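>>> structure for this input, please:
(2 chains)
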Amino acid sequence: MKGDKVNQERLEYVAKAKAAYRRHAQAMTWEEKIASIVRMRNASKIAKAGGAVLRKAEA
Amino acid sequence: MKEALEALNALKKTGVIEGYAIGGAIAATFYIEAVNTEDLDAFLFMSPGEGSLLLSLAPIYDALRQLGGVVEGEYVRFGEWPLQLLPAYKPLVEEAIKNAQSVKYGEIPTRIFTPEYLCAIALDTGRRKDYYRVESFIEQQQVDMEKLRALVRTYGLEERTRKVQNWR
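Numbering: from 1, shown residues only, chains lettered A, B, ... in the order given. The predicted structure is shown next:
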């Protein structure tokens, strides 16, 4: 079926993208990984602050 | 993080602590993909002060303050990293510190738990995120399962392994 073929292609694309992401993530040095944790943390703070701003605006 | 590691090295050099090793998510991140975390966990070897049978963290907090740390509750903040000090509280952790491996963060020497001890301590701690960490080590083939199984047997953690979805 055509639909099955499309889904299979998408699945393969996602699997390849995931594998590439994983290879990249594992190839990082410890320092690079720590820097990415700091970025994650900052992004999470901004998201939380944004949420607070939205909640205030809604009130 | 550099400042926190330098401060820990200074504590060891001046004899405030006998030794330390980094554990938790920051140590795990050395081996596996980055794991989000808020703090840096340092497990310490320390001896009771002269004439005392009790372990006190007070001299350590004082020394860290002198090294530029800012005490915030149970943490000492260095730059953007809150450092949590955890005395070696049980044989598994003591053994993990003894067997920690020497690594470098940039140019700064430090010591981190090995994957097997990180996983054993995660099993012992037993929160959902700890089991997930063990699963990540197994999935990414970053842990010696023979060594981990030996630690699991020694420290009676067999029951906990049932909660690790990819345990083999």
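>>> so what's the residue count around residue 10?
You didn't pick a chain, so chain A it is. 10 (other Cβ atoms under 10 Å in any protein chain shown). C-beta: built from backbone N, CA, C; applies to glycine.
>>> actually chain B
Neighbour count of B:A10, defined by other Cβ under 10 Å: 15.
>>> what's the pLDDT at it?
On the pLDDT scale, B:A10 is placed at 96.
>>> and the host helix or strand of it with chain A, contact?
According to DSSP states H and E, B:A10 maps onto helix B:2-13. No. Under the criterion of Cβ under 8 Å from any Cβ of the partner chain, helix B:2-13 makes no contact with chain A; the nearest approach is 9.3 Å.
>>> after that helix, next one along is what?
Once helix B:2-13 ends, the next helix or strand along the chain (criterion: DSSP H and E) is strand B:19-23.
>>> what helices or strands is that following strand leaning on?
With contacts taken as 3 or more Cβ pairs under 8 Å, 6 or more residues apart in numbering or on different chains; DSSP states H and E, strand B:19-23 sits against helix B:2-13, strand B:40-45, helix B:91-98, strand B:108-112, helix B:115-125.
>>> quick one: low-confidence ranges for chain A?
The model of chain A has pLDDT under 70 over residues A:1-5, A:51-59.
>>> and it, which of its residues are near chain B?
Near chain B, when you scan chain A using Cβ under 8 Å from any Cβ, you find A:22, A:25-26, A:28, A:30-31, A:33-34, A:36-38, A:40-41, A:44.
>>> so which strand or helix has B:P59?
Counting by DSSP H and E, B:P59 is part of helix B:58-66.
>>> residues in contact with that helix?
For helix B:58-66, contacts defined as Cβ atoms under 8 Å, 6 or more residues apart in numbering or on different chains pick out B:7, B:10-11, B:14, B:16-17, B:44, B:46, B:49, B:71, B:76, B:83, B:85.
>>> just the closest of these to B:G106, please.
B:A7 (15.0 Å; Cβ to Cβ).
>>> any idea of the pLDDT on the residue nearest to the spatial centre of chain B?
Against the mean C-alpha coordinate of chain B, by Cα atoms, centre = their mean, the closest residue is B:G23 at 2.1 Å. Looking at B:G23, its pLDDT reads 97.
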